[in-house]
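Undergrad: For reference, the sequence and a predicted model appear below.
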Amino acid sequence: MKQTASFTCTVCGAAYRKWAGKCDACGGWNTIAEEAPLSTGPKSLGAKGRPIPLSDLATEEAAPPRASSGIDELDRVLGGGLVPASAILVGGDPGIGKSTLLLQAAASFARKGLKCLYISGEEASAQVRMRAQRLGLTDAAVQLGAETNLRDILTTLDAERPALAVIDSIQTMWLDSIEAAPGSVSQVRASAHELVTFAKRRGVAIILVGHVTKDGQIAGPRVVEHMVDTVLYFEGERGHQFRILRAVKNRFGPADEIGVFEMTGGGLAEVPNPSALFLANRDQPAPGSAVFSGIEGTRPVLTEIQALVAPSTLASPRRTVVGLDSGRVSTILAVLEARCGIPFAGLDVFLNVAGGFRVSEPAADLAVAGALLSAREDVAIPPDMVLFGEISLSGALRPVGQTENRLKEASKLGFSQATVPSHSKIEGAAGLMVRQMPDLTTFVGEMFGAG
Ligand code: TYD
Ligand code: MG
């Protein structure tokens, strides 16, 4: 294969022959940088390969046991614990708490008897030790190393054979066989490849830390996503204490699973009941507020959707949306206008998910519509009511999955009514009074008078 491409997107790794301002693959602007061409491997493929031993699917070998860290929020996201010899990528914005999380995880695994190595390419061992002191982890038998040369790291791992090695971060690692700066697409890709291959061959579980980068100076974690077994993203909003660890890919468990943590002075604390956290400080019934019963992975999470609708002085009124998909919100506004005759023209619309949570389910449509209408009509939705349901373009409401789990969680948190689409499966309504609505017009009529 002839390799001519010498420009690569630092975010997604797409290759180009010439420089361009925008990456067609991931849509990033100014992320394409010149790279040394990738190695094309040995020039002559004269020698014959040897046959590899094949086996069939039925095997007597028992599945290797997963190691539990004792941090439930982490174990769940991993699909029930750490799979031996697996490769995991933990991505996130700089400063979000990746190093803190993984140091705590390594310490927990070490306390469970696993041999753990923590290799930091960003901080000196003394700095990591200081952090461990603050977090009260000094009793855990985690071995630290501060190194960026991958050859030395692999030699060390081969000699030590730990059960788990944390590499913080993949963007600081470099291989001397690659002529490119650390953090470049070719270095990140080659380093990750070496580490993942090592993990499989030697039975060492490896966690790679990857910084999400916006400016395109160094390669982002997406470049290595396809190489690893599990991809976790650590997210959080600025100014909010809670952090979410989200599985976006998992060969050994469900994707979309989340773990919720809170950043405290003593490190990350688990949040076993996130609904209570996101619904905290809701005292008075207020116009513009609707509680959505959502599902994140296998777990129901209740969040408050807040709307503010105000007369606009602008020719094209503002649509400010935080924590929801703005395209989805525009669609809901259009359906409200076209099917229910409720215009939002000339009105600024602000929408927000309380607590800085992100909601991506279409099931949130009804709660969004509820919050918008409640704000526009200045009528509060009963504070003990949850809403969920998908709105179709015709204005009809469509039932969504896991209705029972959503209702159960609402009931557990003290809600007593729910508004859901008709034909929802509500057998296990968990003692809630459930109102079923066929379409948005009925919803508007019943909740807000004629509208
Ligand atoms: P860090 O784990 O270094 O982030 P990353 O590795 O993702 O870049 O976390 C950095 C932030 O976390 C820093 O702003 C301070 C905060 N922090 C706390 O609030 N409490 C703590 O106990 C620790 C260790 C960090
Ligand atoms: Mg760090």
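TA: Structure's in. What do you need? Numbering: from 1, shown residues only. Ligands and ions are numbered 1, 2, ... in the order given.
Undergrad: only C-alpha atoms for contact and neighbour calcs from this point on.
TA: Will do.
Undergrad: Can you list the residue ranges for helices in the stretch 351-451 of the chain?
TA: 365-377, 403-412, 440-448 (DSSP state H, counting those that start in this stretch).
Undergrad: Please work out which of the ones you listed is packed deepest.
TA: For these, the largest average neighbour count (mean count of other C-alpha atoms under 10 Å) is found in helix 365-377, namely a mean of 26.
Undergrad: I'd like the distance from it to the chain centre, please.
TA: Taking C-alpha atoms, centre = their mean, to the nearest Å, the mean C-alpha location of helix 365-377 is offset from the chain mean by 27 Å.
Undergrad: again with stretch 285-301
TA: 18 Å.
Undergrad: Could you pull out the buried residues of it?
TA: 286-297, 299-301 (16 or more other C-alpha atoms under 10 Å).
Undergrad: For the helices of the stretch 351-451 of the chain, give me TSV that also has distance to ligand 1 and mean pLDDT.
TA: Output for the helices of the stretch 351-451 of the chain, formatted as TSV (distance: least, C-alpha to the nearest ligand atom, whole Å; pLDDT from 0 to 100):
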stretch	distance to ligand 1	mean pLDDT
helix 365-377	32	96
helix 403-412	30	90
helix 440-448	43	93
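Undergrad: who wins for proximity to Ala62 among those?
TA: Proximity to Ala62 (C-alpha to C-alpha) singles out helix 403-412 among the helices of the stretch 351-451 of the chain, at 33.3 Å.
Undergrad: Now do that closest one: everything it contacts.
TA: With C-alpha atoms under 8 Å, 6 or more residues apart in numbering as the test, helix 403-412 has contacts from 293-295, 300-302, 386, 416, 418, 424-432.
Undergrad: got the residues of the stretch 151-300 of the chain near ligand 1?
TA: 263-267 (C-alpha under 6 Å from any ligand atom).
Undergrad: want to throw those residues into JSON lines with pLDDT, neighbour count and secondary structure?
TA: Formatted as JSON lines, those follow (pLDDT from 0 to 100; neighbours: other C-alpha atoms under 10 Å; DSSP: H, G, I helix; E, B strand; the rest coil):
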{"residue": "Met263", "pLDDT": "91", "neighbour count": "18", "secondary structure": "strand"}
{"residue": "Thr264", "pLDDT": "91", "neighbour count": "11", "secondary structure": "strand"}
{"residue": "Gly265", "pLDDT": "89", "neighbour count": "9", "secondary structure": "coil"}
{"residue": "Gly266", "pLDDT": "89", "neighbour count": "13", "secondary structure": "coil"}
{"residue": "Gly267", "pLDDT": "91", "neighbour count": "19", "secondary structure": "strand"}
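Undergrad: Now go through the buried residues of stretch 285-301 and say which are in strands.
TA: Residues of the buried residues of stretch 285-301 located in strands (DSSP state E): 289-296, 299-301.
Undergrad: What is the neighbour count of Val400?
TA: 18 (other C-alpha atoms under 10 Å).
Undergrad: OK, contacts around it?
TA: Val400 neighbours (C-alpha under 8 Å, 6+ apart): 363, 388-390, 424.
Undergrad: Then Gly239?
TA: So Gly239 contacts nothing (C-alpha under 8 Å, 6+ apart).
Undergrad: Pull up the gap between it and Ala126, please.
TA: Relative to Ala126, Gly239 is positioned 29 Å away (C-alpha to C-alpha, to the nearest Å).
Undergrad: So which residue is dead centre in this structure?
TA: Nearest residue to the geometric centre of the chain (C-alpha atoms, centre = their mean): Arg246, 3.4 Å.
Undergrad: That one touches Ile258, doesn't it?
TA: Yes: look at Arg246 against Ile258 with C-alpha atoms under 8 Å: they come within range, at 4.5 Å.
Undergrad: Look up the residues forming beta bridges with whichever residue of the stretch 201-350 of the chain sits closest to ligand 1.
TA: Using C-alpha to the nearest ligand atom, the single residue of the stretch 201-350 of the chain nearest to ligand 1 is Gly267, 3.3 Å away. Beta-bridge partners of Gly267, counted by DSSP bridges, are Thr264.
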